[in-house]
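Peer 1: prediction below, plus the sequence it came from.
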Amino acid sequence: MHGTMDSVATFANIEKVYWGMKHAVEDNFENVRFIAHFSHWYDWGCIIYDRFVMEQPPQDPAEALRQHNRIWNAAVRAALANGGVVNDHHGVGLKLGRLMKEQYGRTMQVLEGLKKSLDPNGILNPYKMGV
């Protein structure tokens, strides 16, 4: 089992984000490795193309999915806590939309208002922004 998470950070925060995510995954989940490389470099920072790998996931599909989501939650929240953000390079979508409120805080109200104004019937990409 594995998961690929794209995180973004400024150069000032990139090392903290990397180590925060690595510790969140490897210190809290048995037999899970965290690996990453930096990609998509910009003047201000870059994308951390980060992955977790579990060689022997739970055999029960429901438990494997729960474990997968717990690892994602821990890693993404560690990125947020250390000055990173969830990368929208590939879209936040259904998997991470639920964490947008944590990332954007009160600013999420503005995004929700724009979405409601532009899509009053909620038919465009439903649930992709966690709403």
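Peer 2: Structure's in. What do you need?

Peer 1: what's the neighbour count on Gln103?
Peer 2: Gln103 has 19 neighbours, counted by other CB atoms under 10 Å. The way it works is simple: take the backbone N, C-alpha and C, and place the C-beta from them, glycine included.

Peer 1: touching the helix or strand harbouring it from outside, list them.
Peer 2: Under the criterion of DSSP states H and E, Gln103 resides in helix 100-104. Helix 100-104 is contacted from outside by Arg77, Leu80, Val85, Val86, Val92, Met108, Leu111, Met129, Gly130, using CB atoms under 8 Å, 6 or more residues apart in numbering.

Peer 1: so where do the helices sit in the chain?
Peer 2: 14-26, 61-81, 93-96, 100-104, 108-118 (DSSP state H).

Peer 1: is it possible to export those helices to TSV including mean pLDDT and distance to Ile48?
Peer 2: Shown next, in TSV, are these (pLDDT from 0 to 100; distance: least, CB to CB, whole Å):
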stretch	mean pLDDT	distance to Ile48
helix 14-26	96	6
helix 61-81	94	8
helix 93-96	73	15
helix 100-104	82	15
helix 108-118	90	23
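
Peer 1: these: which one's closest to His40?
Peer 2: His40 lies closest to helix 14-26 among those, at 12.1 Å (CB to CB).

Peer 1: got the CA coordinates for that closest one in CSV?
Peer 2: Only the C-alpha atoms of helix 14-26 are listed here, as CSV (Å, rounded to 0.1, in the frame of the first residue of the first chain):
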residue,chain,number,x,y,z
ILE,A,14,10.6,23.1,3.3
GLU,A,15,13.0,21.3,5.6
LYS,A,16,10.6,21.6,8.5
VAL,A,17,7.7,20.3,6.4
TYR,A,18,9.8,17.3,5.2
TRP,A,19,10.9,16.3,8.7
GLY,A,20,7.5,16.9,10.2
MET,A,21,5.8,14.7,7.6
LYS,A,22,8.5,12.0,7.9
HIS,A,23,8.2,11.9,11.7
ALA,A,24,4.4,11.9,11.6
VAL,A,25,4.4,8.9,9.3
GLU,A,26,7.3,6.8,10.5
